[in-house]
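Q: Please find the sequence and the predicted model below.
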Amino acid sequence: MPLLYDFDMDSAADLAKGLAQRTQQRRLEKGLSRDALSMMSGVPTPTIAKFEQQGTISLVSFLALAKALGYADEIRQLMAKPKFDTMEELDVINRNKNRKRGRNEFDK
């Protein structure tokens with residue numbers, strides 16, 4: 001299914017690398033080694049190293065790092081509100097608020 005809108009040039013890999021860089025920066029600002037963050041989060045040190053170097057990590061491990069660094073509230077707010085660009089999109093969002101499943105593009 002194609003994205004409805006993608007106005008920025010960032011790929012998913014670019015976004016992941018940016019998260020990795022910011023996570024590393026927050027770790028260093030707090031004066032934490034990778035080993036210390038590993039102890040606080042339960043995420044293995046090699047996983048943290050790979051994330052900081054390559055931007056790849058499981059969602060659960062990323063959430064554990066974010067929580068250990070004090071960002072649980074920010075994670076909870078991620079995607080908490082619907083985004084829309086037009087009034088038509090807002091109308092669709094409001095009509096679909098209670099949907100339990102998506103609609104196939106071929107459904108009428």
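A: Nice, I can see it. Numbers count the residues shown, from 1 in each chain.
Q: hey, let's count contacts and neighbours off CA atoms from now on
A: Noted.
Q: ok, residue 43 touching residue 67?
A: No. Using Cα atoms under 8 Å, residue 43 makes no contact with residue 67, being 11.4 Å away.
Q: Out of those two, name the residue with the larger neighbour count.
A: Set residue 43 next to residue 67 and count neighbours by other Cα atoms under 10 Å: residue 43 wins out with 20 against 16.
Q: Assign the more buried one to helix, strand or coil.
A: coil (DSSP: H, G, I helix; E, B strand; the rest coil).
Q: With residue 57 instead?
A: Assignment for residue 57 (three-state DSSP): coil.
Q: Assess the claim that it and residue 51 are in contact.
A: Yes. If you go by Cα under 8 Å, residue 57 and residue 51 touch, sitting 5.6 Å apart.
Q: These two: which is more packed in?
A: residue 51 (22 against 17).
Q: which ones are touching the more buried one?
A: 20, 57 (Cα atoms under 8 Å, 6 or more residues apart in numbering).
Q: quick one: buried residues of the one helix or strand it maps to?
A: Using DSSP states H and E, residue 51 sits in helix 45-54. Neighbour-count burial for helix 45-54 flags 45, 47, 48, 49, 51, 52 (criterion: 16 or more other Cα atoms under 10 Å).
Q: Tell me how far the nearest residue to the fourth one once chain neighbours are set aside lies from residue 25.
A: What that stands for is residue 49. For residue 49, ignoring the flanking residues on the chain, the nearest one in space by Cα to Cα, 6 or more residues apart in numbering is residue 34 at 7.3 Å. Distance from residue 34 to residue 25, counting by Cα to Cα, to the nearest Å: 12 Å.
Q: neighbour count winner among those two?
A: Of the pair residue 34 and residue 25, residue 34 is the one with more neighbours under other Cα under 10 Å, namely 20 against 13.
Q: Residue 69 against residue 27, yeah?
A: Yes. Look at residue 69 against residue 27 with Cα under 8 Å: they come within range, at 7.1 Å.
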